[in-house]
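1. sequence and predicted structure below; questions after.
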Amino acid sequence: MIRTLLRGTFLGLALLVIPLACSDQSNSLPPQDPNANSGFAVGVTVPVGPFPRGTVDPALQLDPATQGPEITVVSPSRGAQVTAQTINMRIRVEDVNGVQNVAINSIPATDMGNNEWEAQITLNNSAVNLLTATAEDGLGNMSRGAWSLVHGRFMDINEFTDGLVGASLSNEGLADLKVIVENLISGLDLFPLFAGANPLVDNFLAEINLVSVNNEDVKFPTIEGRPNGLRLIAHIDNVDVGVNTKAIASLIRLNANLLSTKAVITVDAEVNQNPNVPITNLRSALGLEITNLDISLQNFRLTFPSSLLTSIVSLLNGVVRDIVEDLLKDLLADEVDDLLGATALPGVGQPIQVDLPIPIVGTSSLDLAFRVSGADGSASTGLGLALGAKATPTQQVLQGVTTSYFVTGVQAVPNVLVGDDFAVGLSSDAGNAFLHALWLAGGLRLRIDGTMPDPSTPIALNTRLLVPFFPQLSGLAPDPDTPIVIEATTEAPPTLRLGQNGSSIEISAQELTVKILIDYLDGQPPLEVFTLSTNLQIAADVALVNNEIRITNLRAPALNADLTNEPVTDLADSELVTFLEAILPMMLDQFKNSIPAIPVPALPFNLNLQNPGIEVQPDFLIVRGNL
């Protein structure tokens, strides 16, 4: 049964919760025995059953003749995703005294037979739309119903969506990376690669085998942004390759040296033009495919102790030079890939795994994966990247539900944000992908269990909490210490917008279903008292802690709920709303604890951010800092 519960603002929650925690009982509830296990005091007393079961006092039950019609949403279903702006909305309206004057969103509905009514509705918002219905029975009793639909464009969570994230490395940030890479590559041993290619030369003139390699450390004088990618220039000074040479049918055997004053390597990396090929299958740098590698050996020469042999083998100088250059190309391409490839940017190549502590289903996790979908930069500014992203649960708990999430269409572009070494911008759609994966993993299911009290819970969950709001339930639990259980789950995926309506984060938790049960601890299933569905617009703040983004301070400014099941007895709307206002802050706090911290994506080498900052702009959350 649906009866809409409309209440004012979040102020009502505070006005009710404060008296519950105080001793003067200003909410006109019966005085509590200070020695009793108060239903309104913080405590950790574990209830011990069994508790006696009772029945509802008939004298306290509501008169069915005063109740309005039952309203049930038929099609589209509660929280459904729709792409058409104009829809035919159908509901079921039932009452023993007959039904008249049904309207949906103030539009008169047509009687379709079999207690179903329909109206054509134009959806206004490209996001969550809240719809309402009114119905009157033959006795003039009114009922109201409310539910949500999500209208717009949707993407499959198992596929990459480009432009969800933007990342920026200024020239100062690239300079920091250059130092890190040089430290990692210092002491690079060139010998194994060359030795594996022996003999370097084997023809009618000579056979040349490598026996030693000496060189100074690799230096990266340049790492700079370029249009559509990145350029790295490295050099290796004083390359000295010792070889053993056989010449003139092996009659002459001498050691020699291949000398070069400097090897200069230029690496260009650009956006992978074939997104069907994972970047892990390619040589890459900062998520970009290495498309070009040039090498130049300056002052290359082949020297022998014998001037005669030097003259003879000098004919091979160009051949040997080409071989050495090709070998160095392979070596340096592999080294750049190892140092700046799949592991340099977290989530690119190797997904970030985020563990989820979920009380109902145990511990699961999400995989956050990224790929570079756009790049732009210059030698004077740095490198900007646009990244596609996807978030998927390692274990999908919710089955038979949509895997498509709502997208606003706002995309990150590859800009360089001047003033900080590093910056990353997460779009609202990145947040929607994350929340949808969290929902699929069961992360937005909540159980607050009075049989296992939590010291952090501000209200003891027993039937003392119910009776002041619902006196007719007093007979169900003769012992007021009988514990109750609150179960909540979102029947539709939540959606998120950043920087809207003065809030850092605005989460639409549509079709949040709340079930209240009494657990008598007698070995029998708990008794369901009622179930409701509510649509909340939750405002939240965001903080950056230890390179992790955390959602904090959830609050719901307004409450709109429909009663969907009353298996024990009819309950008055006003009583139910007041009760919900009391427990909502506690529920939101529990939901906040179930949202995991998100590692800052695309942070090179998982470096720490110095002097970090976080700001929210319309549809983007931006994290800045120095490396």
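-> Here it is on my side, so go on.
2. which stretches of the stretch 301-450 of the chain form strands?
-> 301-303, 352-358, 362-378, 382-393, 404-407, 422-427, 445-449 (DSSP state E, counting those that start in this stretch).
3. what's the closest of the ones you listed to residue 319?
-> Among these, strand 301-303 comes nearest to residue 319, with 9.9 Å by CB to CB. In short, each C-beta sits where N, CA and C put it, glycine included.
4. need the mean per-residue confidence for that closest one.
-> Averaging pLDDT along strand 301-303 yields 67.
5. picking that back up, out of the strands of the stretch 301-450 of the chain, which is closest to residue 624?
-> strand 422-427 (4.6 Å).
6. tell me what that closest one is packed against?
-> Here strand 422-427 touches strand 161-170, strand 620-626, going by 3 or more CB pairs under 8 Å, 6 or more residues apart in numbering; DSSP states H and E.
7. would you turn these into a markdown table with mean pLDDT, distance to residue 63 and mean neighbour count?
-> Converted to a markdown table, these look like this (pLDDT from 0 to 100; distance: least, CB to CB, whole Å; neighbours: other CB atoms under 10 Å):
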| stretch | mean pLDDT | distance to residue 63 | mean neighbour count |
| --- | --- | --- | --- |
| strand 161-170 | 94 | 54 | 25 |
| strand 620-626 | 93 | 52 | 21 |
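8. related to what we said a few turns ago, possible to save the strands of the stretch 301-450 of the chain as TSV with mean neighbour count and distance to residue 82?
-> Conversion of these to TSV gives the following (neighbours: other CB atoms under 10 Å; distance: least, CB to CB, whole Å):
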stretch	mean neighbour count	distance to residue 82
strand 301-303	17	74
strand 352-358	17	29
strand 362-378	20	27
strand 382-393	25	23
strand 404-407	23	11
strand 422-427	26	23
strand 445-449	19	25
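9. now do the helix or strand containing residue 496: distance to the chain's middle.
-> Using DSSP states H and E, residue 496 falls within strand 495-498. Offset of strand 495-498 from its chain centre (CA atoms, centre = their mean, to the nearest Å): 12 Å.
10. does residue 159 touch residue 390 like I think?
-> Yes - taking CB atoms under 8 Å as the definition, residue 159 is a contact partner of residue 390 at 6.4 Å.
11. need the contact list for residue 449.
-> The contact partners of residue 449, by CB atoms under 8 Å, 6 or more residues apart in numbering, come to 461, 483, 485, 519.
12. give me the beta-bridge partners of it?
-> Judged by DSSP bridges, the bridge partners of residue 449 are residue 485.
13. can you pull the pLDDT of it?
-> 92.
14. now residue 37
-> 40.
15. tally up the residues packed near the residue nearest to residue 466 when sequence neighbours are not counted, please.
-> Nearest residue to residue 466 in three dimensions, chain neighbours excluded: residue 473, at 5.3 Å (CB to CB, 6 or more residues apart in numbering). Neighbours of residue 473 under the rule other CB atoms under 10 Å: 23.
16. heads up, I number from 882, so please use that
-> Noted, 882 is the first residue going forward, which turns the last one into residue 1354.
17. next up, phi/psi of residue 1354, please.
-> Main-chain torsions, residue 1354, degrees, to the nearest 10: phi -90, psi 0.
18. ok, now which ones touch it?
-> Applying CB under 8 Å, 6+ apart, we find residue 1354 in contact with 937, 1344, 1347, 1348, 1410, 1449, 1450.
19. now, which of these lie within strands?
-> residue 1410 (DSSP state E).
20. export the contacts of residue 1354 to TSV and tack on pLDDT, distance to residue 1322 and neighbour count?
-> Shown next, in TSV, are the contacts of residue 1354 (pLDDT from 0 to 100; distance: CB to CB, whole Å; neighbours: other CB atoms under 10 Å):
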residue	pLDDT	distance to residue 1322	neighbour count
937	87	39	16
1344	93	33	24
1347	89	32	24
1348	88	37	19
1410	93	29	23
1449	88	33	18
1450	84	36	19
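21. closest one of the contacts of residue 1354 to residue 1204?
-> For these, the nearest to residue 1204 is residue 1410 (82.4 Å; CB to CB).
22. ok, the closest one - contacts?
-> For residue 1410, the contacting residues are 1347, 1351, 1354, 1357, 1365, 1397, 1398, 1399, 1448, 1449, by CB under 8 Å, 6+ apart.
23. and it, how far is that from residue 1214?
-> Per CB to CB, to the nearest Å, residue 1410 is found 67 Å from residue 1214.
24. pLDDT below threshold where in the chain?
-> The chain contains residues with pLDDT under 70 at 882-925, 1074, 1086, 1128-1141, 1183-1198, 1240-1244, 1339, 1438-1440, 1454-1455.
25. in the longest helix anywhere in it, what counts as buried?
-> In the chain, taking DSSP state H as the definition, the longest helix is helix 1198-1221. Residues 1200-1202, 1204-1206, 1208-1209, 1212-1214, 1216-1218, 1220-1221 are the ones in helix 1198-1221 that count as buried (16 or more other CB atoms under 10 Å).
26. include distance to residue 995 when you put the helices and strands packed on strand 1303-1308 into a markdown table, please.
-> Listed next are those as a markdown table, based on distance: least, CB to CB, whole Å:
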| stretch | distance to residue 995 |
| --- | --- |
| strand 1042-1051 | 42 |
| strand 1501-1507 | 48 |
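27. which residues does the most centrally placed residue in the chain contact?
-> The residue lying closest to the centre of the chain (CA atoms, centre = their mean) is residue 1315, at 2.6 Å. Contacts for residue 1315 (CB under 8 Å, 6+ apart) come out as 1247, 1249, 1272, 1479.
28. same check on residue 1273?
-> 1038, 1039, 1247, 1248, 1250, 1318.
29. repeat that for 7 Å
-> 1038, 1039, 1247, 1248, 1318 (CB atoms under 7 Å, 6 or more residues apart in numbering).
30. in the sheet, who's paired with it?
-> residue 1248.
31. likewise for residue 1037?
-> For residue 1037, the beta-bridge partners are residue 1285 (DSSP bridges).
32. wait, it touches residue 1283, no?
-> No - in this structure, residue 1037 is not within contact of residue 1283 by CB atoms under 7 Å, at 9.2 Å.
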